[in-house]
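K.L.:
build me a structure from this.
(chains A and B)
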Amino acid sequence: MSIETIVRTACPAHCGNNACGILAHVCEGKVVKLEPSPFPDNYYMRICQKGLSATQLTYHPDRLQYPMKRAGERGQGKWQRVSWDEALDYIAAKLKDIAGKYGSRSVAWAIGGPGTGTVKFGAYTRFAGCFQGTRVSMWGYGDAAEPCGAKPTYGVNRLPPFLSSFDEPKLNILWGTNPTESNPFQIRPVLDDKMKGVKMVVIDPVYTITASKADEYVPIRIGTDAALALGMMHQVLQDRMEDRDFLLRYTVAPYLIRQDNGRYLRERDLISNGGDAYLVWDSAAGKAVAVDSMKSPALDGLYQAGNIACKTAFQMLEELIQEYPPSRASEITGVPAEQIVRLARAYATDKPAAIYVNNGMSRTYHGDLTFRAVGTLAALTGNVKLPGPGGHREVEYNWGPFLKPRADQPSYTRMGVMNLYNAIEKGEPYPVRAAWFAFTNFVNQCTNNRRIVERLFPKLELIVMTEMFMTPSTKYADIVLPVGSFLEFTDMVNGPHPYIQLQRQVIPPLYEAKSDVQILRELAPRLGFGEFFKSEEEFVELLLASGDSSVKGITLETLKKGPAKLNSPPVIEARPAKASFKTPTGRIEFYLEKLVSLGEGLPVHKEPVESPLSPLAEKYPLSMVCVHSKFHVHSSFQKSPWMREQDPEPLLEMNRADADSRRIKDADLVEVFNDRGTVKLKVRLNEAIQPGVVNLTHGWWPEEFIEGDLNLITNDYINPAQNITFEPNMPMNDNLVEVRKA
Amino acid sequence: MPRYGLIFDLERCIGCRACTVACKAENSIAHGSWIRVEMTGGQKLDTAKGTYPKVDLTYLPVTCMHCAKPPCVDACPVGAIFKRNDGVVILDSTQCTGCEACLSACPFGVITFNDKDNVASKCHLCVHRIDQGLQPFCVQCCEGQAIKFADLSDIGSEISKSIARRSGYNLKPEELTEPTNYYLPPIPKRPV
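P.N.:
Model prediction:
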């Protein structure tokens, strides 16, 4: 009988920064089984259907085995096997040539997120830094609108630490997020709470599996969540349930806003040699005073400071909120007014009440306003878990020294992925002439992908991709380099919070595959910076040692023994005297002076860019969303037979009413189309889908459709506000389409 | 004498198919699985019933019920199916002649048939695991922690109490097979 060995590793499939611990059983050099790994607290012992089937990708007959160089035209699918030396020499020569002609920034590294492996992610970024190239940020692949809203408002990229991390919430609202399908283990605590009697509310345009678990489902029209938040805020004010103490202490509510130019009133506006101090109105003194010396600050009102008319930021917020009584919010959102009233009352009363958000709401054109509005609702009611002196203790690494190891020279230039379109096509803000894509199925996953193939790629003089398979994206590459599955190399992964884990190599890479880190390590000496590239394990050590307190004391050796718990955050009192948000004011900034010119100083509601209320809707009356499937993670696991057995083909989901009016029956072939393109596939009638909406689950490869693919019909409009606050996001849930029987 | 079975909490089942896939992986089942996921109310899988927004979507995992009176045991002409003392109903595929009589006898449709090898097979509660004190693999892998493995003869256990408290039920009691597996219905909705 052969001997079975077991290796503890972790699955970096990128269900957020939330990797599962895995035990890999190895028999005669082959991984024969994956199972959930124990944890110090077995609450975290878990695996999903995708993780269980991961070996099917490792041992898939279609694995890319050797470095391949394009032999025909791009997209033709003709390849020539080359050696690693040939491939890397070719790449190095081309990179030098392109950098010489257009500058080093003209070479861009467009990679996936750090959830797929911190070291892999870090190594590419470090490489882009050493090359002084362009590092393309992945936020805009669908997630950027959250930081666009959260960063200026709360000072962090993500709202959950503030809005949903209560130990014992009395109400759980899941707003625009469907963890049962997109991130299944996030539902466990919510279900646990529910079993203990904590009510659960789901706000979503689709009646998701998550919604089916809710005590109350709130059906909302796509992209109108800010209006719902404003309607709820209206009821909170009506009932006088706002948390004035919280607003005064931790938000910009008392700050004075100049009514002539919409900017915060500062000391220098009143005194010729004054400083930058923000001013508030001191009711007792009857004058504007610096925030630090406020004694009886006014929360509401219009004041004359010198000869400048000012209102408090809260006064302005209240005036906005007055425009959104539940009746109007109901007209906009489609949510019954009485439900808005009850929801607002419950949220303001059952404290602490949690709002769970994720990136779903990022995916309409004004997603940033949505996150700002939801964050403002939380602040208005004081349903905010306050940050401690060092901020919230999510996993943090001190990325700086790792990503930018050469203090003696400039590093990479960061560019949001949506801005890459214009950089390649139009040379704005500067030309990009070579691109390297790693752990991203770029063509498959990016919106308006016809533009990528027809107008972007022809401008690139070099396209490199690392992949496990020939994908819809590699088709257009000049060089494709084979990488191993996660079982074939080591990395470090985040999660499940509060743990980090080693994704430990279980078997050597198959065929001629290498890890991304190894590829960069072999390429770097050819470009003159080999000394900065090391093995995966050395990189793990370097990243851990680079010095954030959350991982202090955790070493490679610790991680080899099992998951390591992050250091606990410092305990703070429930309501510290001073706010310590990482914003310019240190407070929650629901008012943003830098967006005043766009009419977005406050979290207003704006219609989706392809709204059913727009003229375009006469031609294309249906809103299309692309929800995430429980059977794939983005575009991966497409090739797993076990997943395909459960979910054989892409389906357009639509409501019976919309199907009937188009004489479409269940399982008919249909065409989904707009001015950007047409997709042909089978339809599935589903009452979980709102009338006026269709859903096409994202991630399917073009070859699975009868014709076309999802991202032919999605849009790539850039929201200028998002370029001011952070980076623009792909609004993949903001599309108008029409459907006809094929 | 123990009486082993599975308890499915429909409040916690999220229809993910981790059980289905875990069973395939653990028991090397090429096609299909010994545990499948259905919907209550007979709607097509993964779709809601009702009219939006008044809709409902409840999953129902189904596998061998390890009946107290298993009709498959009596139906098998070669004695390849038997009930262990601990209640687990075992189908020994090595003795199976492929007559499919058990498939017809089972009211739950949980016996699978492999045309290639001409043998029937079904859930055996991962006896190779439970005999070592481990959980059946579907229980181990359940994302919603909806499946519990339990000794139903222990009427004082937490599981037995939860069955009583939440009005747990068997499928198809009218078939008089006395299934061991129980289902806990979803918790009634409580509007905010």
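
K.L.:
check which helices and strands the least confident helix or strand in chain A by mean pLDDT is in contact with.
P.N.:
Lowest on mean pLDDT, DSSP states H and E among the helices and strands of chain A sits helix A:399-403, with a mean of 85. Applying 3 or more CB pairs under 8 Å, 6 or more residues apart in numbering or on different chains; DSSP states H and E, we find helix A:399-403 packed against helix A:118-131, helix A:536-545. Where C-beta positions appear, they are placed from N, C-alpha and C, glycine not excepted.

K.L.:
can you say which of those is packed in most?
P.N.:
When the helices and strands packed on helix A:399-403 are scored by mean count of other CB atoms under 10 Å in any protein chain shown, the highest mean neighbour count falls to helix A:118-131 (a mean of 26).

K.L.:
so A:A346: helix, strand or coil?
P.N.:
helix (DSSP: H, G, I helix; E, B strand; the rest coil).

K.L.:
that one against A:N172, yeah?
P.N.:
No: in this structure, A:A346 is not within contact of A:N172 by CB atoms under 8 Å, at 10.8 Å.

K.L.:
what do the two both touch?
P.N.:
A:K199, A:V201, A:A353 (CB atoms under 8 Å, 6 or more residues apart in numbering or on different chains).

K.L.:
OK, contacts around residue 126?
P.N.:
Assuming you mean chain A. By CB under 8 Å, 6+ apart, the neighbours of A:R126 are A:F402, A:L403, A:K404, A:P405, A:F532, A:F533.

K.L.:
hmm, I had chain B in mind actually
P.N.:
Taking CB under 8 Å, 6+ apart, one finds B:E26, B:N27, B:L134, B:Q135, B:P136, B:F137, B:C138 in contact with B:C126.

K.L.:
which among those residues end up buried?
P.N.:
Buried members of those, counted by 16 or more other CB atoms under 10 Å in any protein chain shown: B:E26, B:N27, B:Q135, B:P136, B:F137, B:C138.

K.L.:
out of the residues you listed, name the two that are farthest from one another.
P.N.:
Longest distance between any two of the buried ones among the contacts of B:C126 is 14.5 Å, between B:N27 and B:Q135; criterion CB to CB.

K.L.:
which parts of the stretch 1-150 of chain A sit against chain B?
P.N.:
Counting by CB under 8 Å from any CB of the partner chain, the residues of the stretch 1-150 of chain A close to chain B are A:K33, A:L34, A:E35, A:P36, A:R46, A:I47, A:C48, A:Q49, A:L52, A:S53.

K.L.:
now tabulate those in a markdown table and tack on neighbour count and secondary structure.
P.N.:
Listed next are these as a markdown table, based on neighbours: other CB atoms under 10 Å in any protein chain shown; DSSP: H, G, I helix; E, B strand; the rest coil:
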| residue | neighbour count | secondary structure |
| --- | --- | --- |
| A:K33 | 17 | strand |
| A:L34 | 25 | strand |
| A:E35 | 20 | strand |
| A:P36 | 23 | strand |
| A:R46 | 24 | coil |
| A:I47 | 26 | coil |
| A:C48 | 25 | coil |
| A:Q49 | 26 | helix |
| A:L52 | 29 | helix |
| A:S53 | 24 | coil |
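
K.L.:
strands of chain B, residue ranges please.
P.N.:
All strands of chain B, identified by DSSP state E, fall at B:4-9, B:36-39, B:49-51, B:54-56, B:59-62, B:81-83, B:89-91, B:112-114, B:119-121, B:147-151, B:182-184.

K.L.:
any low-confidence regions in chain A?
P.N.:
Scanning chain A for pLDDT under 70 picks out the ranges A:1, A:387-395, A:547, A:569-574.

K.L.:
so for it, the centremost residue is which one?
P.N.:
Taking CA atoms, centre = their mean as the criterion, A:D143 is the residue nearest the geometric centre of chain A, at 2.6 Å.

K.L.:
surely it is in contact with A:S362?
P.N.:
Yes: between A:D143 and A:S362 there is a contact under CB under 8 Å: 5.3 Å.

K.L.:
shared neighbours of these two, anything?
P.N.:
A:N729.

K.L.:
thinking again about what came up before, of the shared contacts of A:A346 and A:N172, select the buried ones using a PyMOL command.
P.N.:
Listed next is the PyMOL selection for buried residues among the shared contacts of A:A346 and A:N172, using 16+ other CB under 10 Å:
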select buried, chain A and resi 199+201+353
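
K.L.:
dump the shared contacts of A:A346 and A:N172 to CSV, plus secondary structure.
P.N.:
Formatted as CSV, these follow (three-state DSSP):
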residue, secondary structure
A:K199, strand
A:V201, strand
A:A353, strand
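
K.L.:
closest one to A:K594 out of the shared contacts of A:A346 and A:N172, please.
P.N.:
Closest to A:K594, out of all of the shared contacts of A:A346 and A:N172 and judged by CB to CB, is A:A353, at 30.3 Å.

K.L.:
show me what contacts the closest one?
P.N.:
Counted by CB under 8 Å, 6+ apart, A:A353 has contacts A:P169, A:K170, A:L171, A:N172, A:I173, A:A346, A:Y347, A:T381, A:N383.

K.L.:
wait, the third one sits on A:A348?
P.N.:
Read that as A:L171. No: if you go by CB under 8 Å, A:L171 and A:A348 don't touch, sitting 10.1 Å apart.

K.L.:
number of nearby residues for residue 90?
P.N.:
The chain I'm using is chain A. 17 (other CB atoms under 10 Å in any protein chain shown).

K.L.:
correction: the question concerned chain B.
P.N.:
So B:I90, with other CB under 10 Å, has 18 neighbours.

K.L.:
part of a strand, is A:L23?
P.N.:
Yes: counting by three-state DSSP, A:L23 is part of a strand.
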